[in-house]
Each structure stands twice: as structure tokens, then as C-alpha cells.
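Colleague: mind folding the following:
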Amino acid sequence: MLYELLVEVTRNDVVESRHFGAAVVCDFKGNVIESWGDIEQLVFPRSALKPFLAIQLVESGACDNFDLNDAELSLACSSHQGEIIHQDLVRSWLSRLDLTEDHLACGSVLPEHTESAHQLLASGQPGCRIHHNCSGKHTGFLTTALHLKLSLDNYHQFNHPLQQLSLEILSDLAGIDVKQYPIGTDGCGLPAPTMPLKQLAHAMARFANPENLSAVRAKAIYRLHKAMTNEPLYIAGSGTMVSELNEVTKGSVLAKTGAEGIVTAAIPEQGLGIALKIADGSSRARSVALMTILDHLGALSEDEKLKLETHIAPVLLNSINVAVGEIRPAPSWLSKLKK
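Modeller: Prediction:
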């Protein structure tokens, strides 16, 4: 079976929609602990790769050279919502590099954060590149390019040394040659590699516990752990599953979403990585599915689950704020998890 029924959406206790997906839990040695659906299928991890892409920012010495703080490193791993705190930090970071938003290769957009977008439009200002949810990642690449004295031109293109280094790091973590698989173009213009879902979980597990990697790479990963734990709001934003999960668990779980229904999580204490793909690309089901797996693995305390209730069991509200349904793990899947 390519996909398994993972999540249901109800209205008045009647199932209205169903979300199918595949998921896998791996340890840092590459062993599959548990899986659901076809885990050998190729997926585009998209933004779930951002913490891996930030490794070169630390490993190269650029982080120390430019004295980056935890918030900036977290932002380099982020798919941020374009809130004011995200905008301000990208601007100040670029300014320290003597660069402007024109150096960013991502496109001009409105903030994804509704209130911030409304404020911008009310002031008569257009969207810009800084608002793009990948602007932190791009600023990280520019920082590394400056430190290594590489060309800033076309830094986002496949043949640029920075992107080749990124693919080498991804290959190291995933235990495969990423270049042997199809590579597309991401929404922000960078290369978008593919890999089997199982390898994505393996890479996340090695990010969780990098003891089998080089000492330099492991040190860089632990530095990113610290940043993502200390500054969780910068990796996504207010009210998001990623920021709230990373904050509530104090880094015992480090999650990252990708486009088209992808979500990953690292559990450092257990040396485990989780990779999950919702088949229809919907984002509303992935958080529920991930939380179900984390609970199954014993990765969340009762207090943490209470604080994360809105992501574990989201309630559907209508336009007058009345509860009309819920998003829940499929009972057929839950019964398998309990065996």
C-alpha cells in the first residue's frame, strides 16, 4: 500500500474528509523502528531540509565569524510567517553583512502572518523579499558565501559551490548520494532534492544524534539544536505547531515542516527521526499525525500534551467561532498503534 489512512476530519461526528499518508521512524543507525505506508517512495522534503542546510553556516566558521546569535541561527532553519520579529531580524542581519533585500534570491511576497500582512497593506506598502518564509535561509547562504569568499551571484543555483556543499551534507546525513535522485526547483528558487521517505527519517535521526558523523559536523548540529530550542519563535512563528512543540518540549522534540504535507521531527534523547508525508499535500493533517506518533513513542509528557492540545486535537470552528467538528487520528490507525 502506497499510503495509509492516518487522519479524519469530522463534522457533527460524521467523517467528512480523510487524509492518507506515509510515515516512518528511524534510529540514527538507519534502522526502521516503525512505519506506515510505502516508505521507499520518493518525496520532496522541501523546507524540512532547512535545519540540514544551516549546518554549513556553522560548520564553515561563518556563524562564529559574523557572531550569529541563537535567533539568527533559528531563523536560518526557518519557514517563518513574516511577523514583525522575523522581518526586523532579517533586515538587521542583512545590514550587518552590508547587504540589502535585493541580494536575496527569493521573490517578493506578503507575510503569511495575517495580522502582519494587514498592517503592511494598511500602510500602503507592498510585499518584499524579506517577508518570504525562506528569507532567513537565504540570508544564511549569503553569510556563508561572504565568509568563504564565494560569489553572491546565483548563490541559489544548482552549480554554485554552496548548493553543491548542501547536497554533500544532505547525502552524508541521509546515507545516500542525493545527486542520484531527481532534483527540482523549490518555491524560493533553490534546488529541491528528492529522497526516499525512509532516508529523510534517517537524516533526521542523525540530526537528532550525530555521533556517527564527523566531530565538526556533530558540533555544528548541536549548535543548531541549542538555537532551535532557545529561540523557537523564529523557526516558524506565533501559534504554529513547530514553534510551540519546540518550545513546550524545551528541545526534546525538534520539528520542521515542509511544503505539500511534509513534516519531520528529531527526538535527540532517543536518537530517533520521524518523517511523514500527507498524500494530498494538505497541511492540516500533518500536525495531528505527527503528534499521534510522538505520543505513541512516549516523547510527550502529560503536561506537554495538555499545552499542545490545539495541535493534537484541533477543533474546527465556523465563521461565528462555533465548534463544528474536529481533526483526529483515524481509529483504524490508532488501533494498529496500540498493538
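
Colleague: so which residues of this protein form strands?
Modeller: Secondary structure of the chain (DSSP state E): strands located at 4-11, 14-27, 32-36, 42-43, 183-185, 191-193, 195-196, 254-258, 262-267, 272-278, 315-317, 323-329.

Colleague: redo these as a markdown table? Include distance to Pro161 and mean pLDDT.
Modeller: No exception for glycine: its C-beta is placed from N, CA and C like everyone else's. A markdown table is the format used below for those (distance: least, C-beta to C-beta, whole Å; pLDDT from 0 to 100):
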| stretch | distance to Pro161 | mean pLDDT |
| --- | --- | --- |
| strand 4-11 | 40 | 96 |
| strand 14-27 | 30 | 97 |
| strand 32-36 | 34 | 96 |
| strand 42-43 | 26 | 97 |
| strand 183-185 | 16 | 96 |
| strand 191-193 | 13 | 97 |
| strand 195-196 | 22 | 98 |
| strand 254-258 | 24 | 98 |
| strand 262-267 | 26 | 98 |
| strand 272-278 | 28 | 98 |
| strand 315-317 | 48 | 94 |
| strand 323-329 | 43 | 96 |
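
Colleague: of the ones you listed, which is nearest Ser78?
Modeller: strand 254-258 (8.8 Å; C-beta to C-beta).

Colleague: which one of the strands of the chain lies closest to Leu308?
Modeller: Among the strands of the chain, the nearest to Leu308 by C-beta to C-beta is strand 254-258 (10.8 Å).

Colleague: how many neighbouring residues does the residue lying closest to His19 once chain neighbours are set aside have?
Modeller: Excluding its sequence neighbours, the residue lying closest to His19 (C-beta to C-beta, 6 or more residues apart in numbering) is Ala285, at 3.7 Å. Ala285 is flanked by 29 other residues according to other C-beta atoms under 10 Å.

Colleague: Ala285 touches Ile327, doesn't it?
Modeller: Yes. If you go by C-beta atoms under 8 Å, Ala285 and Ile327 touch, sitting 6.7 Å apart.

Colleague: what's the closest non-adjacent residue to Gly261?
Modeller: Nearest to Gly261 is Ile278, by C-beta to C-beta, 6+ apart, at 3.1 Å.

Colleague: residues contacting that neighbour?
Modeller: 6-7, 19-21, 261-262, 285-286, 289 (C-beta atoms under 8 Å, 6 or more residues apart in numbering).

Colleague: again, only this time at 7 Å
Modeller: Counting by C-beta atoms under 7 Å, 6 or more residues apart in numbering, Ile278 makes contact with 19, 21, 261, 285-286.

Colleague: ok, and the most crowded of these?
Modeller: Neighbour count (other C-beta under 10 Å) singles out Ala285 as the most crowded of the contacts of Ile278, with 29 neighbours.

Colleague: quick revisit: look up how far His147 lies from the residue nearest to Gly261.
Modeller: 38 Å (C-beta to C-beta, to the nearest Å).

Colleague: likewise Gly261?
Modeller: On the measure of C-beta to C-beta, Gly261 and His147 end up 35 Å apart.

Colleague: try Gln164
Modeller: Separation of Gln164 from His147 (C-beta to C-beta): 16 Å.

Colleague: number of nearby residues for Pro331?
Modeller: 10.
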